Structure formats: structure tokens, C-alpha cells
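Engineer: any chance you can model this:
(one chain, ligands or ions: 2)
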Amino acid sequence: LGGSISRAIQQMSNATIIDEKVLNECLNEITRALLQSDVQFKLVRDMQTNIKKIVNLDDLAAGHNKRKIIQQAIFNELCKMLDPGKPSFTPKKGKTSVVMFVGLQGSGKTTTCTKYAYYHQKKGWKPALVCADTFRAGAFDQLKQNATKAKIPFYGSYMESDPVKIAVEGVERFKKENCDLIIVDTSGRHKQEAALFEEMRQVSEATKPDLVIFVMDSSIGQAAFDQAQAFKQSVAVGAVIVTKMDGHAKGGGALSAVAATKSPVIFIGTGEHMDEFEVFDVKPFVSRLLGMGDWSGFMDKIHEVVPMDQQPELLQKLSEGNFTLRIMYEQFQNILKMGPIGQVFSMLPGFSAELMPKGREKESQAKIKRYMTMMDSMTNEELDSPNPKLMNESRMMRIARGSGRHIREVMEMLEEYKRLAKIWSKMKGLKIPKKGEMSAL
Ligand code: GDP
Ligand code: MG
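Structural biologist: Ligands and ions are numbered 1, 2, ... in the order given. Alright, predicted model coming up:
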């Protein structure tokens, strides 16, 4: 798939004159890729039309950077399609918010509820889980198990069959207990049924959620639009979470969900475990949709940002899959050297949304410096070991003492390292393109 797009773009860059035929050929190839990624046919067609409007053939003929212009236009257009124009409601720590999860059975609601709660708990929130799924046997047990593992308070019942009653009781109880993030898990059903949507409407009316999150399985395919729209028609969906992004599906249905609900994607699920949950980052997502992997933009950036003489060595190390603490240290050095880091590094996978949120570059920089101070107290063995288990408590204590930081901060730094190492482990086995070979979108 990626190959066909690269080929299309290659063909285009070889043509001395970019005429309409070449542009069409390229668009057709990309259309095929997007359809295979489950992007809705109508949306693909809209994209094509817009691209033709944006890309002026005469400009292309005159300009030198034709390939880049078309690539950038397609990329931007897809990013735009994922941006509904307004941010979703964002709960505030310390202020009570009720968040209701909806979606078909098996989409990953219960799992995602816990991930969402756990994510906020780690940041100092007081979340709580309410199981309003009385439809599926075992639903409450599943939520209970998840919640217990994460030490998050939960509410539900084995006896009560009225989801509205349980939802209201749970929300009231946790409001009294001053929880600031009350999460209501709901039932699914296999199909879209009138009864399900009526139930969602009732639960929503009774609990008055500040935010309704639509949970969508990335492998749902072309059905995404109708499904999202059906939920939107019964409850005020305000955000989307796409699950199972660790699988083969590229998640093109997300474009449909955004279009149908006019709401942004806020997180993605990347595994069955509690911490396999990432803030949605539009650029790597779009690269993936186009079949170019998360690395296309990154590869381009690496050539710009990492000093020439260090590039082969770094890429070699990454392709071996050994993202050591020393590599992280070196990347931090590069980041600090670059000055206004936000923009340049917004394409480094994992470095952008989480570590360096937009508008908080100063804080991020301070954090990175703090991490580096701690890493200065590490031994060579620790910096070069690909084994995270090496970092036991006594080592962490020593590093904390040596750098004058709290052990909690050392743990936080190591958590950050693990998160990045996991993302970067996808580099393993990657064929490393030479400068200029990669058609970066
Ligand atoms: P619900 O019926 O909507 O509540 O869905 P569940 O939360 O019970 O999830 C259905 C199945 O999908 C379970 O086996 C989950 O472990 C799995 N699942 C949920 N999210 C993800 C994900 O991001 N990645 C993977 N691989 N599996 C997931
Ligand atoms: Mg469930």
C-alpha cells in the first residue's frame, strides 16, 4: 500500500511537466489508499475536489517544488478533515464533570473508560467509574475488575436492571464524594437498535453529562459514518475516541466520525492494557492513513534537525529497536539546541502532544532539562541498557540523591522513557531511506 503511494508520488516527481493527467493519477492512487484505510467514499471524493481547487496547475508548472506542493496539500486537507473547528469540552481538575461513554458493543467502551480514568488519575485527578450497562451479563464484573486494578472507585449493581437508575445513583454518590471526573459506562448491543438509542437518550437526560464520548473501533470500516451519526442523533456526542489502533486497521473511519459528530478525536487506544492510550495526534495519524507509517514526517525532520554526522548512527540504533536512555538523552540535547522547539519537533513521534503540548514550550523545556540532570547521575550501564528492568529502586534512589531531585521525579522520567521507547520500538526493522529518497508528507 505504502509502496503504491510512494510509486505514485515518485512517478509524479519524475515527470518534467506536471499536467492534469499526472495529478489525476496521483490522486487516484491516494484515493485507493484512503479507501483501503476505511475512509468514507464521499469524504475521499470531497478531498479530491478540494485538492484540485487548491493545487493550481499553472502554479505547479512554474514552481520548482511541485511534489512538495501536492503532498502538502493532500496532507493538510486530511488534517483539516479531522479538525471540526472547535475543541471538545475539557474537564477541569478539581471541578466535577460527568463524562458518558457511548458506542456499540465490543467497540472498547469499558476498556476505554478505565484508560481514560487511569490517565487522569495519574495526573492527580479523582476519577470514578459508574457501570450503567445492565444489558450484557458480566458487564459490571468487567468494570469492577478494571477499576480495582487501577484503584479507581466504582459503582454498579448485579441486581438492578434499570440503567438510568444506576447511572443516577452512581453519579450522585461520586458527586458527594467530591470526585472530579465521574465516568459513566453504558451498554452497547451488537446492532444499531432503536432501544439502544432510546436508552442512551434517557441515561444522558438523567445524568446530564458535560461530555459524551463516542467510542469507535478502528476496524469498523465504512459503517463508521452511519454509526456515529446514529449516536449523535440521540445524545450530544462531543468527542471521539478510536480504539484498537494497534491492529491492522488504519482508522479512516475516524474521519467519518468527526464529520458525522462534528467533534474532534481526543484519544486513541493502542492495546488492551490500561496504559495503552495516547492523546490523539493528527499528523502521525494522517501519515498512517496514507499508508506512509508514522515515520515519514519524522524522517524528513531527522535530516533537518539531527546533526549530519550523527544521523546514520542514530537511525541504525533505532532500526535495531534499542531505544536506550542514552538515545533519549541525545534527542533531548537536540531538542534544546533547536531553540523554538514546539514547531520543529511536532513531528517526532511521541515527543509532540504528550511531552511538549502546544503553547507550553517553556515548561516542556524546563522539564526536559530536569530529566537530563537526573540522567547525568546515571551510569553508562544504565544509559546503554535496553533492559528497563535494570532500573530498580536502589538505582532510582541513587539517581534521585545524585541529582538532588525527588525519587518520584526519577520515576516520572523513567515512565516517560518507557512511553517513548514503546513508540520508537516500532522503528525496529525499518528500512532506513537515504536523504531525499523518502517522500515525506
Ligand atoms: P465494550 O463492549 O464497548 O465495553 O468493549 P470492551 O471494553 O469490553 O472491549 C472489547 C474488546 O476489545 C476487549 O477484548 C478489549 O480488551 C478489546 N480492546 C479495547 N480497546 C482495545 C485497544 O485499543 N486495542 C486492542 N488490541 N484491544 C482493545
Ligand atoms: Mg462494556
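
Engineer: in three-state terms, label K93 for me.
Structural biologist: Of the three states, K93 takes coil according to DSSP: H, G, I helix; E, B strand; the rest coil.

Engineer: distance of it relative to ligand 1?
Structural biologist: 25 Å (CB to the nearest ligand atom, to the nearest Å). In this view, the C-beta of every residue, glycine as well, is placed from N, C-alpha and C.

Engineer: grab the nearest non-local neighbour of that residue.
Structural biologist: Once flanking residues are discounted, K93 sits nearest to W125: 5.4 Å by CB to CB, 6 or more residues apart in numbering.

Engineer: the closest residue to ligand 2 within the chain: which element?
Structural biologist: Nearest residue of the chain to ligand 2, counting by CB to the ion: T110, 3.3 Å away. T110 belongs to helix 109-122 when assigned by DSSP states H and E.

Engineer: also V240?
Structural biologist: Per DSSP H and E: V240 is located in strand 237-243.

Engineer: got the CA coordinates for the helix or strand that comes right after that strand in CSV?
Structural biologist: Sequence order places helix 253-261 as the next helix or strand after strand 237-243, per DSSP H and E. Below are the C-alpha coordinates for helix 253-261, written out as CSV (Å, rounded to 0.1, in the frame of the first residue of the first chain):
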residue,chain,number,x,y,z
GLY,A,253,-13.4,5.7,10.0
ALA,A,254,-12.3,8.5,12.3
LEU,A,255,-12.7,11.0,9.5
SER,A,256,-16.3,9.9,9.2
ALA,A,257,-16.9,10.0,12.9
VAL,A,258,-15.6,13.6,13.0
ALA,A,259,-17.7,14.6,10.1
ALA,A,260,-20.9,12.9,11.5
THR,A,261,-20.5,14.2,15.1
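
Engineer: name the residues that touch helix 253-261?
Structural biologist: Applying CB atoms under 8 Å, 6 or more residues apart in numbering, the contact partners of helix 253-261 are 38-40, 43, 78, 81-84, 214, 216, 218, 220-226, 228-229, 231-232, 237-238, 240, 242, 263-265, 285, 289.

Engineer: select only the buried ones of these in PyMOL?
Structural biologist: Only the buried entries of those go into this PyMOL selection, using 16 or more other CB atoms under 10 Å:
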select buried, resi 38+39+40+43+78+81+82+84+214+216+218+220+223+224+225+228+229+231+232+237+238+240+242+263+264+265+285+289
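
Engineer: show me the contacts of helix 253-261 that map onto helices.
Structural biologist: Within the contacts of helix 253-261, residues falling in helices by DSSP state H are L43, L78, M81, A224, F225, D226, A228, Q229, F231, K232, F285, L289.

Engineer: quick one, grab the pLDDT at the first one.
Structural biologist: Pointing back at L43 there. We have a pLDDT of 90 for L43.

Engineer: check the gap between the nearest residue to it once chain neighbours are set aside and T261 for me.
Structural biologist: Distances taken as CB to CB, 6+ apart put L255 closest to L43, at 5.3 Å, once the chain neighbours are dropped. To T261, L255 is 11 Å away according to CB to CB, to the nearest Å.

Engineer: alright, that wraps it up for me.
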